[in-house]
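> sequence and computational prediction follow.
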Protein chains: 2
Amino acid sequence: MMSQEEVKILADYIAENALRNTHQRFDVLDVFINSEGHFSIEELHELVKKKYPQASFSSTFRAMQVIEKAGLAARISGVDGVFRFEHLYKHQNHGHLVCTQCGQIIEYDNSKIIKLQKKIAAVHHFEPIRFGAKVRGICRNCQVKR
Amino acid sequence: MMSQEEVKILADYIAENALRNTHQRFDVLDVFINSEGHFSIEELHELVKKKYPQASFSSTFRAMQVIEKAGLAARISGVDGVFRFEHLYKHQNHGHLVCTQCGQIIEYDNSKIIKLQKKIAAVHHFEPIRFGAKVRGICRNCQVKR
DNA sequence: TTTGTATTGAAAACAATATGCGGTAATTAC
DNA sequence: GTAATTACCGCATATTGTTTTCAATACAAA
């Protein structure tokens, strides 16, 4: 059920950089692509192990580095010090609402914000690569809890 | 040359929380307030040591925790995994342009972006605490270098 | 002062991230 | 197809940045 498009992107990246097509890399990609939300490497590795029990942490770690370089994933820093991965492919133009209570990350469309950021970057002669917008606060659920 | 307003804020926080007025805390505050830009704890500690050579890393670390809780500083994650401190007092409503080459952080006014974020948060019934906007890219200097 | 306790400084613990190494497996050359 | 090459895996361990422990000290209240 893995999207062939992302597989192709990774395969292309591997070919272009004279790397090797190993099943581990595509195993990790498989799990990552079919995951919803934002996972740390450790969390992601737990998911990978469920489907591919023989997977090692290092492989998940290094596979994600490749997937990141291939442009399919990006690191974001959540509410704790741990970074998590977000999907980049077909997930353009979104910002994050980060709950400081439960750590949940909600995505929202931020195309308007990006337009503003592009203007600002231009003023500063800054060549933008990636845009981010984050609001820290309390999510609906955690408000109810109190 | 230390702003008395920030000193008062810290002193108030200390009084309200039954902490103690130690010179170490105000030494660190002094250096932090008179610093421009964004420093990691380690970088900040280097600055502190220049003025107060006897200062220990632990003290700088813990003093910044207190200063943070007093609402005078906030952590931001820069281009590497290291967090840095930014000024909160009299530094409202700004976003960051982060250079992925040299790590430099440029601040910009983002009051318009915050307005948009407030709207979005309301739609999601999300209670906002702090707003952030970040653009990763290449700064003017680093563009020239290439 | 005396007493109680928060704070300090040094070192060590911790957690997250990253790497070195020897064996293994994917490619390439033949 | 087979051998040669070399990137990669998995394990263990190193590294880095951050936090905590603990005994000694300094602050604040009586």
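Right, received. Where do you want to start?
> contacts, neighbours, all on C-alpha from now
Fine.
> surely A:H38 meets A:L88?
No. Using C-alpha atoms under 8 Å, A:H38 is not in contact with A:L88, being 11.5 Å away.
> between the two, who's got more neighbours?
A:H38 (20 against 15; other C-alpha atoms under 10 Å in any protein chain shown).
> if I look at that one, how far off is DNA strand C?
Distance of A:H38 to DNA strand C, given as C-alpha to the nearest atom of the strand, to the nearest Å: 12 Å.
> contacting residues for that residue?
By C-alpha atoms under 8 Å, 6 or more residues apart in numbering or on different chains, the residues touching A:H38 are A:84-86, A:105.
> can we see that at 10 Å?
Contact partners of A:H38, counting by C-alpha atoms under 10 Å, 6 or more residues apart in numbering or on different chains, are A:32, A:44, A:75-76, A:78, A:83-87, A:104-106.
> for DNA strand D, what is the nearest residue in chain A?
A:L19 (3.5 Å; C-alpha to the nearest atom of the strand).
> tell me, what's the model's pLDDT at that residue?
At A:L19, the pLDDT value in this model is 93.
> can I get the contacts of A:H38 in a markdown table with neighbour count, pLDDT and secondary structure?
Putting the contacts of A:H38 into a markdown table (neighbours: other C-alpha atoms under 10 Å in any protein chain shown; pLDDT from 0 to 100; DSSP: H, G, I helix; E, B strand; the rest coil) gives the following:
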| residue | neighbour count | pLDDT | secondary structure |
| --- | --- | --- | --- |
| A:F32 | 25 | 96 | helix |
| A:L44 | 21 | 96 | helix |
| A:R75 | 18 | 92 | strand |
| A:I76 | 17 | 90 | strand |
| A:G78 | 24 | 73 | coil |
| A:F83 | 17 | 91 | strand |
| A:R84 | 20 | 93 | strand |
| A:F85 | 21 | 95 | strand |
| A:E86 | 21 | 94 | strand |
| A:H87 | 19 | 94 | strand |
| A:Q104 | 17 | 86 | coil |
| A:I105 | 20 | 90 | strand |
| A:I106 | 18 | 91 | strand |
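> among these, which are within reach of DNA strand C?
Restricting those to those within reach of DNA strand C (C-alpha under 7 Å from any atom of the strand) leaves A:83-84.
> tabulate the contacts of A:H38 (TSV), appending distance to chain B.
Compiled in TSV, the contacts of A:H38 are given as follows (distance: C-alpha to the nearest C-alpha, whole Å):
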residue	distance to chain B
A:F32	22
A:L44	19
A:R75	10
A:I76	9
A:G78	10
A:F83	8
A:R84	12
A:F85	14
A:E86	16
A:H87	17
A:Q104	11
A:I105	11
A:I106	9
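> any idea which of the contacts of A:H38 is closest to B:Q92?
Closest to B:Q92 out of these is A:G78 (21.4 Å), distances taken as C-alpha to C-alpha.
> didn't that closest one look like it was pressed against A:I106?
No. With contact defined as C-alpha atoms under 10 Å, A:G78 does not count as touching A:I106 (11.1 Å).
> overlap in contacts of those two?
Shared contacts of A:G78 and A:I106, counting by C-alpha under 10 Å, 6+ apart, come down to A:38, A:96-99, A:134.
> top of the residues you listed by neighbour count?
A:L97 (27 neighbours).
> quick one: pLDDT of that one?
94.
> partners of it in the sheet?
A:I106, A:V135 (DSSP bridges).
> and of the shared contacts of A:G78 and A:I106, the nearest to B:I114?
Checking those against B:I114 with C-alpha to C-alpha, the nearest one is A:K134 at 10.0 Å.
> and the pLDDT for that closest one?
pLDDT for A:K134: 92.
> gap between the residue nearest the centre of chain A and B:G81?
By C-alpha atoms, centre = their mean, chain A has its centre lying nearest to A:E86, at 1.6 Å. According to C-alpha to C-alpha, to the nearest Å, A:E86 and B:G81 sit 16 Å apart.
> can stretch A:82-94 be said to contact DNA strand D?
No. Using C-alpha under 7 Å from any atom of the strand, stretch A:82-94 stays clear of DNA strand D, coming no nearer than 10.0 Å.
> now do stretch A:51-62
Yes. Interface with DNA strand D: stretch A:51-62 contributes A:54-59, A:62 (C-alpha under 7 Å from any atom of the strand).
> pull out the buried residues from those.
A:55, A:57 (16 or more other C-alpha atoms under 10 Å in any protein chain shown).
> now, which of the residues of stretch A:51-62 next to DNA strand D lie within helices?
If you go by DSSP state H, the residues of stretch A:51-62 next to DNA strand D have A:57-59, A:62 in helices.
> quick check: domain ranges of chain A?
A:4-87, A:94-145 (automatic domain parsing).
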